[in-house]
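# okay, here's the prediction I keep looking at, along with the sequence it came from:
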Amino acid sequence: MFWKRHQGVPLSRIELLRRVPMFADLPDDLLAKVDTLVSEMFVDAGTTLMVEDEPGREAFIIAEGTADVLVRGSVVATAGPGALVGEMSLLDNQPRSATVVASTGLRILVMDPGQFATVISDPHAAQWVAASLSKRLRAARNVATL
């Protein structure tokens, strides 16, 4: 199938990026720049994306599928399309706070520390990351008080 292109990026890829809340409001020309900063991968169900207490070397955006987030071996959350995982280690240079395992096949966008820093230099993306972290912290607090 022939895909329309915008500045060399297949339109389907721009549509994929637009479905990620962090990028939803960006114009196509900026989405084309973001596309150059992420690597797209497909992983099978059961694949471990990251392991708790190990160093973090990348962040992942789940484009399709779901993954289980485990802390000390217990599932504490499910991450689905649009979720960003692994960013905490890139933000504070500390070990991973959780293990993330694909519960279905995943289509993911991967960023190394430099690529992640470039992406979050955009104020809209940085605000989304901060809001996402805040939401997860509040959810963890609610679970801890049960």
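Okay, I see it.

# in this protein, where is pLDDT below threshold?
Scanning the chain for pLDDT under 70 picks out the ranges 1-11, 143-146.

# which residues in it form helices?
Here the chain has its helices, by DSSP state H, at 11-18, 28-35, 87-92, 113-120, 123-144.

# can I get those in TSV with mean neighbour count?
Bear in mind the C-beta positions are built from the backbone N, C-alpha and C, glycine included. Supplementary listing: those in TSV, determined by neighbours: other CB atoms under 10 Å:
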stretch	mean neighbour count
helix 11-18	17
helix 28-35	17
helix 87-92	18
helix 113-120	18
helix 123-144	13
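
# would a markdown table of those with distance to residue 74 be doable?
Output for the helices of the chain, formatted as a markdown table (distance: least, CB to CB, whole Å):
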| stretch | distance to residue 74 |
| --- | --- |
| helix 11-18 | 32 |
| helix 28-35 | 34 |
| helix 87-92 | 18 |
| helix 113-120 | 27 |
| helix 123-144 | 10 |
